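Chemist: let me see the structure of the following:
(3 chains)
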Amino acid sequence: MDALFLKLIVAFPLLAAAILLLSAGRMPARATCVIGTGSVGLSALMAARVATHATSPASLHVPLWSWMRVEGFSTRIAFTLDPLSLVMMLVVTFVGFLILLYACGYMRDDPDIARFFGYMTLFVAAMLVLVFSSDLLSLYIGWEGVGICSYLLIGFWHIDSANVAAARKAFIVTRIGDAAMLCGLLLLATRAGTLEIAPLLAAPPASATAAFLLLGGAVAKSAQAPLQTWLPDAMAGPTPVSALIHAATMVTAGVYLIARLHPLFAAVPAAMATVALIGLVTLLLAAGSALVQTDIKRILAYSTMSQIGYMFLALGAGAWQAAIFHLVTHAVFKALLFMAAGAVILRVHHRQDIYQMGGLARAMPGVFAAFLAGAAALAGLPLLTAGFYSKEMILQGAWHANPLLWAGALLGALATAVYIFRCIFIVFFGPRHTDPTGRTGATMALPLLCLGILALVGGWIDMPDAIAPVHLLSRLLSPLFGAPTAEGPSWLLWTGSLVPLAGVGLAWLLWRPRIRAFTPPEDAVARLARTGWGFDTLYDTLVVRPFVALGRLNQTDICDRLSDATAATARAGGRMLGRMQSGQVRRYAGWIAAGTIAALCLGAWP
Amino acid sequence: MPDLPFLLFSLVAAAAAIMVVTRPIAVHALLYLVVVLLALAGLFFALGAPFAAMLEIIIYAGAVMVLFVFVVMMLNLGRPDRDRERHWMAPAVWIGPSLLSGLLLAALWPALRAAPPAGPGSPTVIGPEAVGIMLYGPYVLSVELASFLLLAGLISAFHIGRDIRGTGTGTGTGTGTGDA
Amino acid sequence: MSTTSPAQALLLAAVLFATGMLGVLARRNLLLMLMSIEIMLNAAALAFIAAGARWHAPQGQVMFLMILSLAAAEAAIGLAIILRLHAAGRPTLDADTGNRLKG
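Modeler: This is a model prediction of the structure:
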């Protein structure tokens, strides 16, 4: 029964995508919403049913069909439900359902709503395939599926060429990682002779190359340094897309991949160290960029990078449960933040510059409350918010791995609290710069409410022993990841609680409501940080420009000269011979005569 | 050294042939062609082939040339045709063909000038009897082939010359619809 | 009959052949081209007769007969085509428009 449900969980969004995309926009908007949201809602219901039945550690295996079987290598399409994919499944279906519900309101007036929902449901299906796959090759299908959906949705408003450029950038940058990942998969296939995850993890081949190649794929997909540049530009897509794909689910696929294959990485200490380092660097760089952004969605984008940096840090430190825990809470509160930001953007006439908003708390208290809940969770305000517990767990893990990592993470936590509350103070307090209109509809308010509550209480599924001995998630995941690490001294917890509060205080000092309006900081460091620390310029100089120059050099197809010459010779010869076939009898007679003479000459003078 | 009649016939034939290819008026060319054929008949006599000479006169200069004459009559050529013919025969037109013909002659010349192998002596007359025996002896198959050829020529000429439009008048340009 | 040399006859045949070819190549009138072809055929016939005389063999005249029937058939068909073209609206008998393959 559960096996059937598992298939249906994937099949419903896929079916909805097929219907919506094949309808070619002929369907009324309401029906589109019902089909798109309903299919994911059904998936969510079934996921809940499966989850309540299958909380036992035994994993469920559903073989679908055999993909290929060649000498020495076979691969199957099969779904596996184990605690990790269970958690991911719940996140994808529930958060996905809420975001699609929100999108019904957000995208109501868009003429292309059918295309939008088609892509979104297709994305959900691909993401579920990614999560369920028991075979790395079919996981790769889902991996590429979410990539293409991301591309299509970033460039959803394709009339504006900037959006298309952003989509292309995202696609190409993630493609670099995907190519590396494919190489890694092929390497694993040749080393281990199989790509099925279970046998692969039972006897992990200690291949540093494979681990690093897979890490490349994860880094690109999760927008980590040095392949992080696509994520801020990806905010060109509609806000629900940013919430679902570029905050809650797809960008965490890298984290999921590493967690799923953790024995492979654990066997290579260098890879682990690299993962931690990448996480730390990204989290600090992105937090720094977020501090000076002026676009509300870009703030959240950098914040996403930074939070995924936390997850990578946790992975690198071996705190697998912490990474997954943070993945879950982050999916909730970041989706909430994006949706609240989307509601704000809708109300202020599609403006995204925070310096043009101001004083919105009174105009939209509901949205403000939701944003505040999300921000509190992101900052990790102690006790009350989900983010606090997951971040605490990461800090503990980092402390055990290396106190330096812990210090960096703590600095990041401070910055996180500062930048998100800067955003709140500038957007929701102070003098008003714009007149909000309209009101946020029920379809948008309901998801905000649900996620807002979850962002506050969702962290209670796993708490430090010092507060309450609740370890639901850790215990669920322990068959996969082993027992969680022991907790550090209690002053760690105190520090972790106080730092976000200090951050909020600092933000209050700097950006508390005043009479005079704020202006964005304009010194050199701020400009550098706002443009993402110059990574774009660097890649432009290092990769794009030489490539374009090479392309211009080869515009005349230098390499093809030889074959072109052959073709030209043949064509000229043909034209010459063709001219002989004029249909003129006398010409033909002349040629016959010439031939006769030539033959005679050959005969007469041998 | 060839004898006088041979030389005479040769010169007449060559000169008349040149006249044939250079006359702008078709009837003149035709008459020169008859002269060529008659001169060739004389040459055949001189070469000791009276049967061939007679056939040349009767069939070639007689029947075939009459065919040509009939066609020229039916074409109803006049002054415009003559002028056009002169226009077509501009001096520049002759350069290429003359070159080719000259080359051909030059190529044949050394081969013909070479000393021929010794034959069985001075020519003798080969009469119709010998030819007839040869024709209906070893060459009977060729005779059959020639008859097939003539039959085919007959049928083709009839087929091509038949009136396609079926109007029954079909005597030339009067019923033509002109170029497409 | 007398001291006629077949070698001279062959030379004449070559000259006639070249002349006929000149006519075929240079004239644009189909009728004149046919006449020139007749000259070339006769040149070939002369070569056969001369060779037969040289070797005292009647085969030369047999070949002449073949050429004769060939020339008769060729003249009949060629002239029929000319008449056909003329009747179909091409009174100029221009060989260079033959590539139109139409009326």
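
Chemist: and stretch A:503-510, how far from the chain's centre?
Modeler: 31 Å (Cα atoms, centre = their mean, to the nearest Å).

Chemist: secondary structure class for the closest residue to A:Arg347 other than its chain neighbours?
Modeler: Closest residue to A:Arg347 apart from its sequence neighbours, by Cβ to Cβ, 6 or more residues apart in numbering or on different chains: A:Pro436 at 4.2 Å. Quick note: C-beta positions are derived from backbone N, CA and C, even for glycine. Taken by DSSP: H, G, I helix; E, B strand; the rest coil, the conformation at A:Pro436 corresponds to coil.

Chemist: A:Pro436 - how many residues pack around it?
Modeler: A:Pro436 is flanked by 19 other residues according to other Cβ atoms under 10 Å in any protein chain shown.

Chemist: sketch out the helices for chain B, chain order is fine.
Modeler: B:4-22, B:26-46, B:50-55, B:65-75, B:79-88, B:91-113, B:128-136, B:140-161 (DSSP state H).

Chemist: next one: the stretch 201-350 of chain A
Modeler: A:208-221, A:230-233, A:239-243, A:253-260, A:262-266, A:269-292, A:296-316, A:320-347 (DSSP state H, counting those that start in this stretch).

Chemist: with distance to B:Trp94, mean neighbour count and mean pLDDT as extra columns, can I get the ones you listed in CSV?
Modeler: Formatted as CSV, the helices of the stretch 201-350 of chain A follow (distance: least, Cβ to Cβ, whole Å; neighbours: other Cβ atoms under 10 Å in any protein chain shown; pLDDT from 0 to 100):
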stretch, distance to B:Trp94, mean neighbour count, mean pLDDT
helix A:208-221, 81, 24, 92
helix A:230-233, 79, 26, 91
helix A:239-243, 84, 28, 92
helix A:253-260, 87, 26, 93
helix A:262-266, 91, 21, 90
helix A:269-292, 90, 23, 92
helix A:296-316, 87, 28, 93
helix A:320-347, 90, 28, 92
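
Chemist: so which of these gets nearest A:Gly38?
Modeler: helix A:239-243 (16.1 Å; Cβ to Cβ).

Chemist: residue closest to the middle of chain A?
Modeler: A:Val251 (2.3 Å; Cα atoms, centre = their mean).

Chemist: I meant chain C, not that one.
Modeler: Short answer for chain C (Cα atoms, centre = their mean): C:Glu38, at 2.4 Å.

Chemist: residues touching the closest residue to B:Ile160 other than its chain neighbours, list them.
Modeler: Excluding the flanking residues, the one nearest B:Ile160 by Cβ to Cβ, 6+ apart is C:Ala80, at 4.2 Å. Residues near C:Ala80 by Cβ atoms under 8 Å, 6 or more residues apart in numbering or on different chains: B:156-157, B:160-161.

Chemist: chain center to the lowest-mean-pLDDT helix or strand in chain B, what's the gap?
Modeler: When each helix and strand of chain B is scored by mean pLDDT, DSSP states H and E, helix B:79-88 comes last, with a mean of 83. Put simply, helix B:79-88 sits 23 Å off its chain's centre (Cα atoms, centre = their mean).

Chemist: and that helix, does that touch chain A?
Modeler: No. Applying Cβ under 8 Å from any Cβ of the partner chain, one finds helix B:79-88 separated from chain A by no less than 11.0 Å.

Chemist: what about that helix, near chain C?
Modeler: Yes. Contact between helix B:79-88 and chain C, assessed by Cβ under 8 Å from any Cβ, occurs at B:81, B:84-85, B:88.

Chemist: many thanks, we can stop here.
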